[in-house]
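Visitor: here are the coordinates; sequence isn't available:
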């Protein structure tokens, strides 16, 4: 029943690798953000920022964004947003985190 009340489809809030070397999280976080960023809240660019400049192979164009998709660096409403979405992305990062557990506890399916 929880999922019948969800207004969102997919959610992720965390480090998107803007201040890291190429390859952080196998570039999954960077690719997801570049394609699924919210165009109403993101400055569109022909590249994605990283520690040594801008990556042209990752244009930040939000080309696949749809309402209900939320991928961002931070959320003051993190726990609430977990409960409002059906799927929560659990990308690799620096190591083990509680992201999968956070999703499950809040009724969001970790992907």
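Guide: Cool, got the structure. Just so it is clear, the structure is predicted and the values come from calculations on it, not from any experiment. Residues are numbered from 1 along each chain as shown.

Visitor: Walk me through the regions of the protein where pLDDT falls short of the threshold, as ranges.
Guide: Where the chain drops to pLDDT under 70, the residues are 1-5, 96.

Visitor: any idea how far residue 77 is from the closest residue to residue 83 other than its chain neighbours?
Guide: Leaving aside its sequence neighbours, residue 83 sits nearest to residue 106 (C-beta to C-beta, 6 or more residues apart in numbering; 4.8 Å). In short, each C-beta sits where N, CA and C put it, glycine included. Distance of residue 106 to residue 77, given as C-beta to C-beta, to the nearest Å: 12 Å.

Visitor: so what secondary structure elements neighbour the longest strand along the chain?
Guide: When the chain is parsed with DSSP state E, its longest strand is strand 8-13. Contacts defined by 3 or more C-beta pairs under 8 Å, 6 or more residues apart in numbering; DSSP states H and E place strand 8-13 against helix 28-36, strand 69-72, helix 78-84, strand 85-88.
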